[in-house]
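A.B. asks: What follows is a predicted structure for the sequence shown.
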Amino acid sequence: MESENKLLIPSLFISQLSTRPIGILMGFILTDIAITFNTTVGTAGQIVTAASLAGLLVAPFLAAVSMKHSPRKLLLSGITLITISALGCSIAPNYLSMLFLYSLSGLGTAMVTPMIMTIIGEKIEEEKQSGTIGLIMASTPMLSTIAGLTIAFVVGNGWQIAYRIYVFPIVSASLILAFVALPRTSATDSIQGKIGIREGFMKIVGFKSAIACLIGTTFTMIAWGGIVWYVISFYKETYGISTETVGLIWSANTFVYVVGSLLCGRIIPKFGNKFVTVLGSLFIGLAIVSFTHVPSYYLAIILGLMMPFFSALWSASSNALALKQVPEFRGAMMSLNSGSSQLGRTIGSLIGGLTLNYGGYSLMGITFGLVCFIASIAVHLVAIE
């Protein structure tokens, strides 16, 4: 049991890590995929859209399934889907098969993250949960930073081989470690195994504080998840920065996110999950508005770095806050929270594009700032610590 406890956090860390390499690689190989399958980059990009849509649609079903099955089993199933997706993409013979196989990673990711949060809620002491979540969430930006430095080598022999030498080893190692190290849990041992799925949903939906957390997650991710799509374009179009320089700025942003995640364990316990969640949403919005309106290139970079820092704090505190809302239905609550996050990203990319077309980056920044303000008000007025 002691060795199991020692391996718990490392196994959760690498489980979360398994959700990211397939997405990082896709961002660099869309053009190559389009050439291979004789299509356009825009059409190839629909592969990513399909995976996001799959993750969004599976969230409510996962919430229902989590009431009857253990988080360990669902987490392992999620990593298995990502592993199959990675291997399948490396041998996909045509566009349609690639579309289907990559979508499996969207399903798997939608299963992995909420189950990680559920296991943290069950196995980690309450006062350590926010710090643990911050550490776990730091795994993916760490990988992004490393990938930015090694991606040329990874894709040098072709994008399909890149899946075999980069994505597949990481996700398969994650699967093995999770299988060996994760403690066995059983949904049927708790109240959620003795109550109907409909009753479980009604308990969550009927709790205003839980709904406020879901609304706060959706609205904050509309802003944060939306602006991420356009940060690189903003710097290049507004200040004429080269791709190489923007790459350095991007690496700086991921590094700041890691720092913020690692500081969660020190900051959040002092102020509480609700306070940091409210403050995080508010400052993400203020940072977006500020960085899209300042005339100075250097000031824009500095203000831009505020976004990943407060996003890291918000991510850990909002997940920890959601974990505490309906303890007997953690799996269902965190599945819905993950779905809310994915919904926010989807809406955010749409709103970002529309506002950019009609009013430029200024209107986009103001809109996202307003959305974050609404998120902070909803959590402040209704959510309970």
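C.D. replies: Yep, that arrived. Numbering: from 1, shown residues only.

A.B. asks: I'd like the next helix or strand past the lowest-mean-pLDDT helix or strand in the chain.
C.D. replies: Counting by mean pLDDT, DSSP states H and E, the chain has its least confident helix or strand at helix 197-205, which shows a mean of 69. Using DSSP states H and E, the helix or strand that follows helix 197-205 towards the C-terminus is helix 208-227.

A.B. asks: Output that next one as CSV, restricted to C-alpha atoms.
C.D. replies: C-alpha atoms of helix 208-227 as CSV (Å, rounded to 0.1, in the frame of the first residue of the first chain):
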residue,chain,number,x,y,z
LYS,A,208,-27.0,25.9,-7.3
SER,A,209,-23.3,26.1,-6.2
ALA,A,210,-22.4,23.2,-8.5
ILE,A,211,-24.2,24.9,-11.4
ALA,A,212,-22.3,28.2,-10.7
CYS,A,213,-19.0,26.3,-10.9
LEU,A,214,-20.0,24.8,-14.2
ILE,A,215,-21.0,28.2,-15.5
GLY,A,216,-17.8,29.8,-14.2
THR,A,217,-15.8,27.1,-16.0
THR,A,218,-17.6,27.6,-19.3
PHE,A,219,-17.3,31.3,-19.3
THR,A,220,-13.7,31.5,-18.2
MET,A,221,-12.8,28.9,-20.8
ILE,A,222,-14.6,30.9,-23.5
ALA,A,223,-12.1,33.7,-22.8
TRP,A,224,-8.9,31.8,-22.0
GLY,A,225,-9.6,28.9,-24.5
GLY,A,226,-10.6,31.4,-27.1
ILE,A,227,-7.7,33.9,-26.8
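
A.B. asks: What residues of it count as buried?
C.D. replies: By neighbour count, and taking 16 or more other CB atoms under 10 Å as the criterion, the buried residues in helix 208-227 are 209-227. Glycine gets a C-beta too; all of them are placed from N, C-alpha and C.

A.B. asks: what inclination does the helix or strand following it have with respect to helix 208-227?
C.D. replies: Per DSSP H and E, helix 208-227 leads on to helix 231-239 as the next helix or strand towards the C-terminus. Using axes from the mean of the first three to the mean of the last three CA atoms, to 10 degrees, the interaxial angle of helix 231-239 with respect to helix 208-227 works out to 50 degrees.

A.B. asks: Which other helices and strands does helix 231-239 contact?
C.D. replies: Counting contacts by 3 or more CB pairs under 8 Å, 6 or more residues apart in numbering; DSSP states H and E, the secondary-structure elements packed against helix 231-239 are helix 243-271, helix 297-323, helix 330-382.

A.B. asks: Just name the most buried of these.
C.D. replies: With neighbours defined as mean count of other CB atoms under 10 Å, the helices and strands packed on helix 231-239 peak in mean count at helix 297-323, which reaches a mean of 23.

A.B. asks: No further questions, thank you.
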